[in-house]
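Novice: the following block contains a protein sequence and its predicted model.
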Protein chains: 2
Amino acid sequence: MKKTFLCCLVGLLCSLCIGVAHAQEVVAAPENICSPEVAADGSVTFRLFAPKATSVTVGGDFEGDGSPMTLNPETGIWSYTTTPLESELYNYHFVIDNTYRIFDPSNAHRLRNVMHHYDYFIIPGPRGDLYSVQDVPHGSISEVWYPCPTLDTERRMLIYTPAGYADSDKHYPVLYLLHGMGGDEEAWTALGRASQIMDNLIAQGKAEEMIVVMPNGCTKHQAAPAKGSEGMWQPYWSGSMDGTTEKAFTDVMNYVEKHFRTINDKAHRAICGLSMGGFHTLQISKTYPDSFDYVGLFSAAIYRGEKSVDIYADLEGGLARQFATPPALYWIAIGSDDFLYEDNVKFRALLDKHGYPYIYRESDGEHKWDNWRLYLSEFAQMIFR
Amino acid sequence: MKKTFLCCLVGLLCSLCIGVAHAQEVVAAPENICSPEVAADGSVTFRLFAPKATSVTVGGDFEGDGSPMTLNPETGIWSYTTTPLESELYNYHFVIDNTYRIFDPSNAHRLRNVMHHYDYFIIPGPRGDLYSVQDVPHGSISEVWYPCPTLDTERRMLIYTPAGYADSDKHYPVLYLLHGMGGDEEAWTALGRASQIMDNLIAQGKAEEMIVVMPNGCTKHQAAPAKGSEGMWQPYWSGSMDGTTEKAFTDVMNYVEKHFRTINDKAHRAICGLSMGGFHTLQISKTYPDSFDYVGLFSAAIYRGEKSVDIYADLEGGLARQFATPPALYWIAIGSDDFLYEDNVKFRALLDKHGYPYIYRESDGEHKWDNWRLYLSEFAQMIFR
């Protein structure tokens, strides 16, 4: 069943139409354009039918961002082929006449990152295969609403249960997986590929079976944009670094431990998060020092909380209580070009000063999802075993 | 908490960035553009910053499709205001210079219909409120994989459980809700607003609490595009009218009745579907004549199955077995301008010939989602009571 290459199926003409009175693309593309096409060496060819354009470039988070495409005047199709790319998930877009940014009409696969949507593709290989749905047993995702008495509201979260959960009476360890600023409860399943990473690692025997809980870490909102009763608000760089996320976290845990077959002790709870979620991870794990044996700070925004907040105030005292009985793993990961790199250097110096044990992982790159997918893939293999 | 108007929140500038190296829109729009803006009378104003454009039009599934927008040369913003629109969910897009179709950079809310994505908005009122998340108790959606021994594979479906399900021991009736050609297991929760409709009707006391099961009715695929191990195939007008969906339907029911607290008798099972899903509904309900007391054909593609398929062959004999003990409700709904209208006239004549009881509902309009949302809203109020 597995196909490692993007596949362009020619739409079947059919007498049944599903119904939206959609216009065709104004510049109607031939139906058999394949874009993006991933070659065996990892190079990617983009194609766009735009006979009226005077220039087309392709941009994305890969080498060659902004490269000019070449027109075949006989077909009206512009194309560009990258150098071989490393195995990863990449986004891209086209720019026509140096003015109009458009999506690839030949690719229906898009992801939203905060307020922007992106076309994306995956290069097979070590990372790309881990981030793709494979022919292995699949876990389930549940979108649930839970009572949050701390904030006097109901809130939404996503919960991954591993393959076999529904057919067993087993109890499972739990990983709490936290998003960053501008993200929401859907960020880790969309951009973060959490379901695919967990399914694939578990199937390979590289990670234990576990429940993964993805709450919404911005207490200004109940849920992702348009998913709560606040309506269709525009996503923005929303976040909460005012102590509310940490205080309301007990409501998340109470719901999960009541409604799912969890193992409710420190040895069977892990918590990790990216950026603002790394900060939340630090704060939550020290606020509830007997709760988490595995702690993962991914590009953590360590010193960015509001100064006046009580639970943030005594960082050293909190860490002293947490490390009185150290977690089995305190893992700090960051990219060498991350804008939060120096903050993490400073934090590690603090841990070193007190002799608190931790493991440090430095990768290449910046404050981006390629690193956070990598960190989840690595962290998930180190916990509960 | 409820906001009935689309709300444009100015993005908060912040020192934390979430990480994708996304370009801004090439023509960088001012941050405070509100588009679409829904006024109290239901008129909608669209705005687009495009100072280099020579023309911009706005299109969508509302009156005024293709209307030219007007440029304010001082701001570079094009705008257009519709006449008051009826309460409904609408899609739209812009066309620049009569050539390039683009999305609204001020609106992050999009839906996919087969291979096309659309910006959308909702006009408050009788229908729009029902299709929006309200401040009421919310059910959960579970994305599950189930074994399908009939097709020797695993397949994906979405299951709605009503608010309170997780905190009760109650058993519930089940509605099987089937999509049309080109759709998949996600169509009814995305375009069909099934979660919102069920949450709101149940909260208003207009529908019974029920489980809603949304399987994938195209047996050529395990799951929606990119959600199964077939990878990132391009969506097309995929469908199955070859008997396989009906034969494999027992696997759907077996999984649901084993893993959810269902009531397993005819009086507590309903089935309905749109277009191809209406055809599947007809065939499944007559193939398993003692299974469903509530049957809903929404714009059903009644005479479009492959002629050679055994279970389709004896339509009159099958209906005779089904109507020997008639279902409590056999509901046929279609729009007066639907291209399948005459097929439904022919089918009703057949039922009339034999005196089989049914209820007929004719609405305005075509073979489109506005009718299917309406039909679900009405059908859900008539079942299990």
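Specialist: Received the coordinates, thanks.

Novice: what ranges do the strands span in the stretch 251-385 of chain A?
Specialist: A:269-274, A:294-298, A:329-335, A:359-363 (DSSP state E, counting those that start in this stretch).

Novice: now, of the ones you listed, which is deepest in the fold?
Specialist: Across those, the average number of neighbours (mean count of other CB atoms under 10 Å in any protein chain shown) peaks for strand A:269-274, which reaches a mean of 30. All C-beta atoms are positioned from the backbone trio N, CA, C, and that covers glycine.

Novice: low-confidence ranges in chain A?
Specialist: For chain A, the stretches with pLDDT under 70 are A:1-29.

Novice: can you give me the helices in it?
Specialist: All helices of chain A, identified by DSSP state H, fall at A:126-130, A:187-190, A:194-203, A:244-247, A:249-259, A:276-287, A:310-313, A:315-324, A:341-354, A:369-379.

Novice: tell me which other helices or strands the last one touches.
Specialist: In this case it means helix A:369-379. strand A:89-96, helix A:126-130, helix A:194-203, strand A:269-274, strand A:294-298, strand A:329-335, strand A:359-363 (3 or more CB pairs under 8 Å, 6 or more residues apart in numbering or on different chains; DSSP states H and E).

Novice: equivalent analysis for the fifth one, please.
Specialist: Contact partners of helix A:249-259 among helices and strands, from 3+ CB pairs under 8 Å, 6+ apart: strand A:140-148, strand A:153-161, strand A:174-178, strand A:211-214.

Novice: repeat the analysis, applying 6 Å as the threshold.
Specialist: Using 3 or more CB pairs under 6 Å, 6 or more residues apart in numbering or on different chains; DSSP states H and E, no helix or strand is in contact with helix A:249-259.

Novice: repeat that for the first one.
Specialist: For helix A:126-130, the packing partners by 3+ CB pairs under 6 Å, 6+ apart come out as none at all, with no helix or strand in contact.

Novice: reformat the helices of chain A as TSV; add mean neighbour count.
Specialist: Formatted as TSV, the helices of chain A follow (neighbours: other CB atoms under 10 Å in any protein chain shown):
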stretch	mean neighbour count
helix A:126-130	18
helix A:187-190	24
helix A:194-203	22
helix A:244-247	21
helix A:249-259	18
helix A:276-287	27
helix A:310-313	14
helix A:315-324	15
helix A:341-354	14
helix A:369-379	23
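
Novice: list the buried residues in stretch A:34-52.
Specialist: Within stretch A:34-52, the residues that count as buried by 16 or more other CB atoms under 10 Å in any protein chain shown are A:C34, A:S35, A:P36, A:E37, A:V38, A:G42, A:V44, A:F46, A:R47, A:L48, A:F49, A:A50.

Novice: quick check: residues of the stretch 101-250 of chain A near chain B?
Specialist: A:101-102, A:108-109, A:113-116, A:133-135, A:138, A:140-145, A:166, A:180-182, A:226, A:228-237 (CB under 6 Å from any CB of the partner chain).

Novice: filter those residues down to the buried ones.
Specialist: Buried among these (16+ other CB under 10 Å): A:101-102, A:108-109, A:113-116, A:133-134, A:138, A:140-145, A:166, A:180-182, A:226, A:228-237.

Novice: tell me which two of the buried residues of stretch A:34-52 sit farthest apart.
Specialist: The distance between the two most remote of the buried residues of stretch A:34-52 (CB to CB) is 25.9 Å, for A:G42 and A:A50.

Novice: phi and psi next, for the residue most central in space within chain A.
Specialist: Centre of chain A computed as the mean C-alpha position; nearest residue by CA atoms, centre = their mean is A:G192, 2.1 Å away. Dihedral angles phi and psi of A:G192 (degrees, to the nearest 10) take the values phi -90, psi -10.

Novice: what distance do you get for it to A:E185?
Specialist: Distance of A:G192 to A:E185, given as CB to CB, to the nearest Å: 11 Å.

Novice: what of A:D129?
Specialist: The gap separating A:D129 from A:E185 is 26 Å, by CB to CB.

Novice: try A:T57
Specialist: As judged by CB to CB, A:T57 and A:E185 stand 35 Å apart.

Novice: neighbour count: those two, which is higher?
Specialist: Per other CB atoms under 10 Å in any protein chain shown, whichever of A:T57 and A:E185 has more neighbours is A:E185, with 26 against 20.

Novice: contact partners for the more buried one?
Specialist: Contact analysis of A:E185 by CB atoms under 6 Å, 6 or more residues apart in numbering or on different chains lists A:R156, A:M157, A:L158, A:M214, A:N216, A:A224.

Novice: switch to 10 Å and redo it
Specialist: Contact analysis of A:E185 by CB atoms under 10 Å, 6 or more residues apart in numbering or on different chains lists A:143-144, A:155-159, A:178-179, A:213-218, A:221-224, A:227.

Novice: which residue sits closest to it, ignoring its sequence neighbours?
Specialist: Spatial nearest neighbour of A:E185, chain neighbours left out: A:N216 (4.2 Å); criterion: CB to CB, 6 or more residues apart in numbering or on different chains.

Novice: from memory the one you found sits against A:E154, does it?
Specialist: No: applying CB atoms under 10 Å, one finds A:N216 not in contact with A:E154, separated by 11.2 Å.

Novice: more neighbours: which of these two?
Specialist: Neighbours were counted for A:N216 and for A:E154 using other CB under 10 Å; A:N216 has more, 28 against 21.
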